[in-house]
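Q: below are the sequence and a predicted model; questions follow.
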Amino acid sequence: MSGPPQYKWFFESTTPVEGHMHAIARTIATRQTKFQFMEIFETHSYGKVLVLDGRIQSSQHDEFIYHEILVQPGLLAHPKPVRAMVIGGGEGATVREILRHPSISDCLMVDIDGEVVEECKKHLPEMHQGAFEDSRTRVLHEDARAYLEKTKERFDLIVVDLPEPLGEGPACLLFTTEFYTLIRDRLTDNGIMTMQAGMTKINELFFYGAVNRTLREVFQVVAPYQGFISCFGTPWGFILASKGTDPRKQTAREIDGLISSRMNPDTLGYWNGAAHLHSFNLPKFLTNALAKNDRVITDKNPLIVS
């Protein structure tokens, strides 16, 4: 007599009092690196999943949503992006998304954790899709802030694809006015920065609001937007910051036209003109929360996510 199937479960806490579960089909890799604890699972619902310090970073079945939202608004807001930089981006999908644009001739990825990157190269080819072998890709394993402080390179797009700071340490200094000033100064005149900025679920908006407020200290244009990432179980916040270009002034027709002129639109699974309008038009409770948040994150007063 057979009963219901029995599963091994991965539980992710999204807040101290909430969480969600995924049934695990198999464990592919686990590793304590110098910087974090890494796990790669295959789940029944989302295929392969990358987990860092207990937080899901991306899943095989819906990572295209996260990475297109993270990358495409920045590239489509630039008239002709040529040079790009990714800060973080372990599994290589952010670089993959940038390389869709044929005008890109150079894409530098700076991720401090080379052990995670090597495991992702080996176990997550569905996500990077050969991006690490593309002749336009360069990869450095060093502290991104130290790199920005010493380099004279300039970029048309910088994508910040970092987990939120969960404890005291160097990661706290990658969400401050000082760090964002470094990024601004390494952008070209039409340069744009995009980043993931945490949850946008009700009652969990403080980090998103603080990052948005902090960016307003540095950039002329700060445009918050969001999308729903199924494997995270929550809507997720992103922010585009620039020296003048405002993506909120782009129409759906303009976005569809730009995509068609730069690539085969069928290669994108999420982003188009309708998604652009949907993402940048925020609901009232969220715009109110952003307007009320006056927390500015600095090196001397960093913010840690609990």
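A: Looks like it arrived, so ask away.
Q: list the helices and strands the helix ranked longest in the chain packs on?
A: In the chain, with assignment by DSSP state H, the single longest helix is helix 63-76. Other helices and strands packing on helix 63-76, by 3 or more CB pairs under 8 Å, 6 or more residues apart in numbering; DSSP states H and E, are helix 93-98, strand 155-161, strand 187-199, strand 221-229, strand 234-242, helix 252-262, helix 273-280. C-beta coordinates here come from the backbone N, C-alpha and C atoms, glycine included.
Q: let's see the pLDDT reported for Thr15.
A: As predicted, Thr15 sits at a pLDDT of 84.
Q: burial of it, as a residue count?
A: 13 (other CB atoms under 10 Å).
Q: point out where the chain drops to low pLDDT.
A: 1-2, 169-170, 306 (pLDDT under 70).
Q: let's see that with 90 instead.
A: Counting by pLDDT under 90, the chain contains low-confidence ranges at 1-7, 13-19, 163-172, 203, 244, 303-306.
Q: quick check: Val221 touching Ser242?
A: Yes: shown here, Val221 and Ser242 form a contact pair, counting by CB atoms under 8 Å, at 4.7 Å.
Q: more neighbours, these two?
A: More crowded of Val221 and Ser242, by other CB under 10 Å: Ser242, with 23 against 18.
Q: export the helices and strands packed on helix 63-76 as JSON lines, with columns for distance to Ala144.
A: Conversion of the helices and strands packed on helix 63-76 to JSON lines gives the following (distance: least, CB to CB, whole Å):
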{"stretch": "helix 93-98", "distance to Ala144": "13"}
{"stretch": "strand 155-161", "distance to Ala144": "8"}
{"stretch": "strand 187-199", "distance to Ala144": "12"}
{"stretch": "strand 221-229", "distance to Ala144": "20"}
{"stretch": "strand 234-242", "distance to Ala144": "16"}
{"stretch": "helix 252-262", "distance to Ala144": "27"}
{"stretch": "helix 273-280", "distance to Ala144": "26"}
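Q: count the neighbours of Leu29 for me.
A: Careful, residue 29 is Ala; it's not Leu. Neighbours around Ala29, by other CB under 10 Å: 14.
Q: for this protein, what's the longest strand?
A: strand 18-32 (DSSP state E).
Q: now that strand: buried residues?
A: 22, 24, 28 (16 or more other CB atoms under 10 Å).
Q: how far away is Pro81 from Gly89?
A: 16 Å (CB to CB, to the nearest Å).
Q: what's the angle from the longest strand of the chain to strand 234-242?
A: Interaxial angle, strand 18-32 versus strand 234-242 (axes from the mean of the first three to the mean of the last three CA atoms, to 10 degrees): 70 degrees.
Q: the following helix or strand past strand 18-32 pairs with which strands, parallel or anti?
A: Using DSSP states H and E, the helix or strand that follows strand 18-32 in sequence is strand 37-43. Sheet pairing for strand 37-43, assigned by DSSP bridges, gives strand 18-32 (antiparallel), strand 47-52 (antiparallel).
Q: so what's Ala252 up against?
A: 272-274, 276-277 (CB atoms under 8 Å, 6 or more residues apart in numbering).
Q: hmm, who's touching stretch 120-140?
A: By CB under 8 Å, 6+ apart, stretch 120-140 touches 28-29, 40, 47-48, 50, 58, 60, 63, 90-93, 95-96, 99, 104-111, 117, 147.
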